[in-house]
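Visitor: take this sequence and fold it.
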Amino acid sequence: MKKTLTLLAVFIFSLSATSQWNSLNTGLFGQKDYVEKDGTYFLINYPNGVQATTDLSTLNPLNNGLPVSGSNVFAESLGKSSTHVFCGTHDGVYRSDDLGSNWTLSNGNIPFSSTEFVKKFYEFNGDLYAVMNTDVGAGGGVFISTNSGNTWFGTAGGMGGNATILSIMEYNSTLYANTNVALYTSSDWGANWTAHPHFNYGVFAFWANVDVMVASTTIGMERSTDGGNNWTTVTGPTGLTNSDAIGLLGSIYISGSGASQGVWISPDNGLTWIADNTGISAVDQTTLYQFYLGPDKLFLGAITEGYFKGVPLSVPNGTNLSSSINSYYDVNSNTITVRYTGTNYGNVSATLYDLTGRKIEVLPLENELSKFQTTGLNTGIYIVQVNIDQQNIAVPIKVVVP
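Guide: Alright, predicted model coming up:
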């Protein structure tokens, strides 16, 4: 492996392992979810509903059109598509096309009540996914919209009726849904689900990247390095409940309450785990909600406050980690250009990843040049990995999509 890649890994570890969590200092309890769109961050909490900020300091309530009970707004989740921001409430799903200034009902046939609601939103393959807080047999599971919330259809084919989806992630065009009874996969974007043969028990949190899969389960922390065919139990947090997981380049985060409450981080792709609670109050470590990765910050909601830390990698555009490789973002053409000027090498290719390790595209370096189209990508930091004679060089680049 090239020395440049080794140096990059050390740099990421030193930042992610030492940076502490910062309190948002909002004074708002129960911050369950966040989303960013067009430079505005949205957060929700009970009973104040949706708040918006552009500087993580001044909050503006944006609840016009959302259902109100007395003076309370029962909001549970936030999401976004290319055109709208979404809010899951006890009275159904609402959406806004003006960054939260006004909300209209966009629920379709999704069931709703004070005990059945959308707890998480995702966007996969250009479509919107709404995950319910109730089990499949009670009408829960996941609902999908292919038209930004105009209509929805429920899908849980192949899942057991007692399964409650805890979270969903996508890796290499496969969806993974971890539930209280099993891990399910879908190769057709959620239309059909298949139980993973290894897991016939609860998977509280799950994450996959180019190197590893990790699962926090009823028997402990498990890890696979061959795409999920074989799993080993590793030392780490145990007995987690209400968990969530997210990956950043070089690190994997898991949070949860239970025997090993709080936040845990692995700097070596799930092999070892250390507590990462500096800056989070002892009370909040007992009740943590889900992670949200914004363009340059990682967020985590808790029972009394919200927290964030900077993404553990930030380099100027055009930074060279190898004298023979240059990568830069062109705002005018919406492309990431990779230029290779070395000699005496065999086949050369470039792969584009996001910070979670998700592979976006692979291109050959033809005539010493490749261009990745960035139209449709979220604002954030991306990694270009160049393969030269089976040796990889990673070149980080920050992409600011207009």
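
Visitor: now the strands for the stretch 101-250 of the chain?
Guide: 104-105, 118-124, 127-132, 142-145, 153-155, 165-171, 174-179, 183-186, 194-195, 203-208, 213-217, 220-224, 232-234, 240-248 (DSSP state E, counting those that start in this stretch).

Visitor: least reliable of the ones you listed going by mean pLDDT?
Guide: In terms of mean pLDDT, the lowest-scoring of these is strand 240-248 (a mean of 86).

Visitor: let me see the domain layout of the protein.
Guide: 19-310, 325-399 (automatic domain parsing).

Visitor: can you lay out these as CSV showing mean neighbour count?
Guide: Backbone N, C-alpha and C define where each C-beta goes, glycine included. As requested, the domains of the chain are arranged in CSV below (neighbours: other C-beta atoms under 10 Å):
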stretch, mean neighbour count
domain 19-310, 19
domain 325-399, 17
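
Visitor: rank those domains by mean pLDDT and give me the bottom one.
Guide: domain 325-399 (a mean of 71).

Visitor: before we move on, back to that, so which of the strands of the stretch 101-250 of the chain gets nearest Tyr289?
Guide: Minimum separation from Tyr289 across the strands of the stretch 101-250 of the chain (C-beta to C-beta) falls at strand 240-248, 7.3 Å.

Visitor: C-terminal to the closest one, what's the next element?
Guide: Sequence order places strand 251-258 as the next helix or strand after strand 240-248, per DSSP states H and E.

Visitor: parallel or antiparallel, list what pairs with that following strand.
Guide: Strand 251-258 has the following sheet partners, assigned by DSSP bridges: strand 240-248 (antiparallel), strand 262-266 (antiparallel).

Visitor: distance of Ser77 from Ala275?
Guide: 27 Å (C-beta to C-beta, to the nearest Å).

Visitor: hey, what's Val73 bridged with?
Guide: Asn48.

Visitor: dump the residue contacts of it.
Guide: 46-50, 63, 66-67, 89 (C-beta atoms under 8 Å, 6 or more residues apart in numbering).

Visitor: out of those, which comes closest to Leu369?
Guide: The closest of these, once distances to Leu369 are taken by C-beta to C-beta, is Val50, at 45.0 Å.

Visitor: you'd agree that closest one is up against Glu76?
Guide: No: with contacts counted by C-beta atoms under 8 Å, Val50 stays clear of Glu76, the gap being 11.2 Å.

Visitor: overlap in contacts of the two?
Guide: Shared contacts of Val50 and Glu76, counting by C-beta under 8 Å, 6+ apart, come down to Ile44.

Visitor: ok, the residue nearest to Asp284 when sequence neighbours are not counted to Gly258 distance?
Guide: Closest residue to Asp284 apart from its sequence neighbours, by C-beta to C-beta, 6 or more residues apart in numbering: Ala302 at 3.5 Å. According to C-beta to C-beta, Ala302 stands 15 Å off from Gly258.

Visitor: check Ser349 too.
Guide: 43 Å.

Visitor: need the contact list for Trp41.
Guide: Slight slip there: residue 41 is Tyr, not Trp. Contacts of Tyr41 (C-beta under 8 Å, 6+ apart): 34-35, 52-54, 56, 294.

Visitor: residue contacts, Tyr353?
Guide: 210, 249, 359-360, 382-385.

Visitor: make CSV out of those and add secondary structure.
Guide: Rendered in CSV, the data for the contacts of Tyr353 read as follows (DSSP: H, G, I helix; E, B strand; the rest coil):
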residue, secondary structure
Val210, coil
Leu249, coil
Lys359, strand
Ile360, strand
Tyr382, strand
Ile383, strand
Val384, strand
Gln385, strand
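
Visitor: can I get those in JSON lines including distance to Asn178?
Guide: Formatted as JSON lines, the contacts of Tyr353 follow (distance: C-beta to C-beta, whole Å):
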{"residue": "Val210", "distance to Asn178": "19"}
{"residue": "Leu249", "distance to Asn178": "22"}
{"residue": "Lys359", "distance to Asn178": "21"}
{"residue": "Ile360", "distance to Asn178": "23"}
{"residue": "Tyr382", "distance to Asn178": "26"}
{"residue": "Ile383", "distance to Asn178": "25"}
{"residue": "Val384", "distance to Asn178": "30"}
{"residue": "Gln385", "distance to Asn178": "27"}
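
Visitor: much appreciated, bye for now.
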